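>>> I'll drop the sequence and a predicted model, then ask my questions.
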Amino acid sequence: MRAIQEITKLLEAKFLESGFEDCFIVDIVHNENSNKLDIFIDSDSKLDLEKCRVVSRMIEAYLDESLVIGEKYKLEVSSPGLDKPIQLVRQYKKNIGRELKVTLNDDTKHKGKLISVKDDSITIEFETKQKIKKKTIRSIEQKNILLADIKQTFVVVKF
């Protein structure tokens, strides 16, 4: 869709500006039935409300001027939040040290602390328990997972 391509260009240009250079696009979703445009952005450091507000006003000005999705629309600019799966390598890098729940394409699940990220894989660390006679032996193991094998990944929220 032309609107999404144009918005992507606007965002990429904005993210070259001072104060926004650590921001990136996660996803842009246009629901044509409700004419709602959801723009999910993130940051390598901290994405605050002010950055979302500035981006929202910029996109709103473009939509109002171009009418590319019509006069009446809903626009929401936000971070993906913890209820959305991680989609990009940059998001994995941002979450090093946090616990993840990873579901692979074959539907096997792994849970562990993200300890490293490469362009094509992640490494998680987790504790295993093995009962030998009357003793429980605990050990720390690591698992390297190819990004191509991942169906979805969520950050585990702990309270």
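Great, that's in hand.

>>> for K158, what are its contacts?
Residues in contact with K158 (Cβ atoms under 8 Å, 6 or more residues apart in numbering) are E99. C-beta here means a position set from N, CA and C on the backbone, and glycine is covered the same way.

>>> What is the lengthiest helix in the chain packed up against?
When the chain is parsed with DSSP state H, its longest helix is helix 49-66. With contacts defined as 3 or more Cβ pairs under 8 Å, 6 or more residues apart in numbering; DSSP states H and E, the packing partners of helix 49-66 are helix 2-14, strand 36-43, strand 74-78.

>>> Spatially central, which residue of this protein would that be?
Per Cα atoms, centre = their mean, the C-alpha nearest to the average position across the chain is that of I86, at 4.0 Å.

>>> ok, it touching Y92?
Yes. Using Cβ atoms under 8 Å, I86 is in contact with Y92, at 5.9 Å.

>>> what's the overlap in contacts for these two?
Shared contacts of I86 and Y92, defined by Cβ under 8 Å, 6+ apart, are found at T153.

>>> related to what we said a few turns ago, next, the buried residues of the longest helix of the chain.
51-52, 55-56, 58-59, 63 (16 or more other Cβ atoms under 10 Å).
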